[in-house]
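Got a sequence here, can you model it:
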Amino acid sequence: MPTYSALTTLPGEDGARALAAAMERMAPEPVGVGVFEIEDGSGLWEVGAYFLDPPDDVVLEILATAFGAKSFAISDLPEIDWVAKVRRELSPVEAGRFFVFGSHDADKVPAGRVALQIEATVAFGTGHHGTTLGCLLAFDRLLAGGFVPGRVADIGCGTAVLAMAAAAVLPGARIIASDIDRVAVDVAEANLAINGLTARVTCVEAAGFDHDLIRDGGPYELVFANILKGPLIALAPQMVENVALAGKAILSGLLAVQAEAVSEAYREAGFCLDSRDDIGEWSTLVLTKV
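Okay, the predicted model is just below:
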């Protein structure tokens, strides 16, 4: 079945959300509408919708004009077997001692590596993205330096690859993983089961540290937060409350051009920057609570 997309940009969150609400009342009705901030400092927001029937381009142009948006770019998306595509294109990832792979590459796991299997039905958080890879490399470096955290939180866990990495090498640690998206929590739990780590990691649906199990489980010697610039900055006050003195935070999900702003927000909150690593256009920060 073909799918059609319609994408536009406009300044300001309020206008973007109002436009999205108007699009949801279109005929044919979109099967999904999303609003996203374009985190390049431009102040622009993207509004996108997906349709199973060709959208009315006249109605879209009227909406764009009414809300001060650019003309919609309408595309006919090809039918793709995403599982087969992921299996073909996602090769195993090596990040220090960690080896992240899909079930189709189970025969490629080298001896002596910490193997983490991520099902190929979910691409985000497999280790291929510069943010996840950066977090794994930063964690590997801390471990190599003798860092052994007893309490670990993975905030915005996605596939839970970071929580699983901690569980695999820290047998005595208490580990909790959270995500704001229920589907992500389900995926995390499935991946934990595949790796035999269900009993080692508690998964919850939550925004930031906003869950009794997360708050009661702290303070944490290590927190992963691989999310986005805006949520990372907003999370800084909660982070300093929930990280133990001299504890570490590994932050990513931010562009290299955003790293300084995030670093400054965390410095003001009570952290010092240990290191910054850039992989392509993405940055990973390691900070210590002082």
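
Okay, strands next: where are they in the stretch 101-250 of the chain?
Secondary structure of the stretch 101-250 of the chain (DSSP state E, counting those that start in this stretch): strands at 114-117, 151-155, 174-179, 201-205, 220-226, 243-255.

neighbouring strands for the last one, and are they parallel or not?
Pointing back at strand 243-255 there. Pairing partners of strand 243-255, with direction, according to DSSP bridges: strand 220-226 (parallel), strand 282-289 (antiparallel).

Can you give me the buried ones in the last one?
Spelled out, it's strand 282-289. If you call a residue buried by 16 or more other C-beta atoms under 10 Å, then strand 282-289 has these buried ones: 282-287, 289. Where C-beta positions appear, they are placed from N, C-alpha and C, glycine not excepted.

what sits against the residue nearest the centre of the chain?
Nearest residue to the geometric centre of the chain (C-alpha atoms, centre = their mean): Ile227, 4.4 Å. When contacts are counted by C-beta atoms under 8 Å, 6 or more residues apart in numbering, Ile227 touches 155-156, 235, 253.

ditto for Asp140
In this structure, Asp140 makes contact with 95-98, judged by C-beta under 8 Å, 6+ apart.

if I look at it, how far off is Glu94?
Note on Asp140: its distance to Glu94, by C-beta to C-beta, to the nearest Å, is 10 Å.

Which parts of the stretch 1-150 of the chain are helices?
For the stretch 1-150 of the chain, the helices defined by DSSP state H, counting those that start in this stretch cover 13-23, 57-66, 82-89, 130-144.

What is the first one packed up against?
Packed against helix 13-23 by the contact rule (3 or more C-beta pairs under 8 Å, 6 or more residues apart in numbering; DSSP states H and E) you find strand 3-11, strand 32-37, strand 44-51, helix 57-66.

Pull the distance from it to the chain's centre.
Computed by C-alpha atoms, centre = their mean, to the nearest Å, the separation of helix 13-23 from the middle of its chain amounts to 24 Å.

Inside strands: which ones of the contacts of Asp140?
The strands in this structure, assigned by DSSP state E, contain 95, 98 from the contacts of Asp140.

how about TSV for the strands paired with strand 243-255, with mean pLDDT and distance to Glu61 added?
Putting the strands paired with strand 243-255 into TSV (pLDDT from 0 to 100; distance: least, C-beta to C-beta, whole Å) gives the following:
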stretch	mean pLDDT	distance to Glu61
strand 220-226	97	38
strand 282-289	96	35
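
Same list, these, but as TSV with distance to Asp105 please.
Conversion of these to TSV gives the following (distance: least, C-beta to C-beta, whole Å):
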stretch	distance to Asp105
strand 220-226	23
strand 282-289	24
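
wait, which of those is closest to Val204?
Nearest to Val204 among the strands paired with strand 243-255 is strand 220-226 (14.3 Å), distances taken as C-beta to C-beta.

By neighbour count, which bits of that closest one are buried? Give me those.
Neighbour-count burial for strand 220-226, counted by 16+ other C-beta under 10 Å, picks out 220-226.

tell me the two of the residues you listed that are most distant?
Greatest spatial distance in the buried residues of strand 220-226: Glu221 and Asn226, 17.7 Å, computed using C-beta to C-beta.

In the stretch 101-250 of the chain, where is pLDDT below threshold?
Per-residue confidence for the stretch 101-250 of the chain (pLDDT under 70) gives these ranges: 120-129.

As a quick check, tell me the outermost residue of this protein.
Computed with C-alpha atoms, centre = their mean, the residue of the chain farthest from its C-alpha average is Val58, at 35.7 Å.

ok, now how distant is that one from Asp278?
Note on Val58: its distance to Asp278, by C-beta to C-beta, is 45 Å.

and what of Gly12?
With distances defined as C-beta to C-beta, the gap from Gly12 to Asp278 amounts to 30 Å.

swap in Gly156?
Applying C-beta to C-beta, one obtains 20 Å for the distance of Gly156 from Asp278.

And for Leu137?
Following C-beta to C-beta, the distance that separates Leu137 from Asp278 is 11 Å.

Looking at those two, which has the bigger crowd around it?
Set Leu137 next to Asp278 and count neighbours by other C-beta atoms under 10 Å: Leu137 wins out with 19 against 13.

burial count for the closest residue to the more buried one other than its chain neighbours?
Once flanking residues are discounted, Leu137 sits nearest to Ala95: 5.1 Å by C-beta to C-beta, 6 or more residues apart in numbering. Residue crowding around Ala95 was assessed by other C-beta under 10 Å; the count is 22.

How about the contacts made by Ala95?
Taking C-beta under 8 Å, 6+ apart as the criterion, Ala95 is in contact with 127, 133, 136-137, 140.
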